[in-house]
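Colleague: sequence and computational prediction follow.
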Amino acid sequence: MARVHFRIHTELEPAAVLAALTDFGPSRADTWANVETGYLTVHDSGPGWADVTEGSSVAGGVWERSRYDWADGDRLSAVTVDSNTWAPGSRWDYRLAPAAGGGTEVDVRVLRIGRGVRGHLLGTFIALFGARRLRGDMERAMARTAARRAG
């Protein structure tokens, strides 16, 4: 089991961060490097929630179906329902807070429970290097989002 916690600051306002986290359209793969459109399926959605499968061809193909919930506008959770790599209950939790000087402070907590050999190996990698890697991925996703909004 891998637990990761990190924080980032972005110049984007909280609503823009939430929009990037919950955009499940074709541009999702442009924002999030670990999502490929061939693995992206929105099974169902409604106000403040979505049931989504996403993944990539990394490590021979990693996918997960998650229940996203953002009914509380400053929090978002993505809880794994099914996956070829992560056990149900694995999750991402985001808390968004307006920053004093503008932008958003994003607090991220990740829980990864490996499923099978691949899941346990990736879980070990995440436990050892996850905070730095996942923080960098999030910072790049927010930078891409800001660049698209500016241009």
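Modeller: Looks like it arrived, so ask away.

Colleague: measure residue 115 to residue 89 for me?
Modeller: Distance, residue 115 to residue 89, by Cβ to Cβ, to the nearest Å: 10 Å. To be clear about C-beta, it is placed using only N, CA and C from the backbone, and glycine gets the same treatment.

Colleague: more neighbours, the two?
Modeller: For residue 115 and residue 89, the more surrounded residue by other Cβ atoms under 10 Å is residue 115, and the numbers stand at 20 against 11.

Colleague: which residue packs closest to that one, ignoring adjacent ones?
Modeller: With sequence-adjacent residues excluded and distances taken as Cβ to Cβ, 6 or more residues apart in numbering, residue 115 is closest to residue 87, at 4.6 Å.

Colleague: quick one: residue 25 from residue 105, how far?
Modeller: For residue 25, the distance to residue 105 equals 26 Å [Cβ to Cβ].

Colleague: quick one: furthest residue from the center of this structure?
Modeller: What lies farthest from the middle of the chain is residue 101; by Cα atoms, centre = their mean that is 25.1 Å.

Colleague: is it correct that it falls within a helix?
Modeller: No: assignment of residue 101 by DSSP: H, G, I helix; E, B strand; the rest coil gives coil, placing it outside any helix.

Colleague: quick one, phi psi at it?
Modeller: Dihedral angles of residue 101 (phi, psi; degrees, to the nearest 10) stand at phi -90, psi 10.

Colleague: how about the one 3 residues further on?
Modeller: According to degrees, to the nearest 10, the main-chain angles of residue 104 amount to phi -140, psi 140.

Colleague: pull out the buried residues from stretch 89-105.
Modeller: Residues 90, 91, 92, 94, 96, 103, 104, 105 are the ones in stretch 89-105 that count as buried (16 or more other Cβ atoms under 10 Å).

Colleague: the closest residue in space to residue 113 that isn't next to it in sequence and residue 127, how far apart?
Modeller: Leaving aside its chain neighbours, residue 113 sits nearest to residue 87 (4.0 Å; criterion: Cβ to Cβ, 6+ apart). The gap separating residue 87 from residue 127 is 15 Å, by Cβ to Cβ.

Colleague: the closest residue to residue 39 other than its chain neighbours: what's it in contact with?
Modeller: Distances taken as Cβ to Cβ, 6+ apart place residue 55 nearest to residue 39, at 3.9 Å, with adjacent residues excluded. For residue 55, the contact set (Cβ atoms under 8 Å, 6 or more residues apart in numbering) comprises 34, 35, 36, 39, 61, 62, 63, 64.
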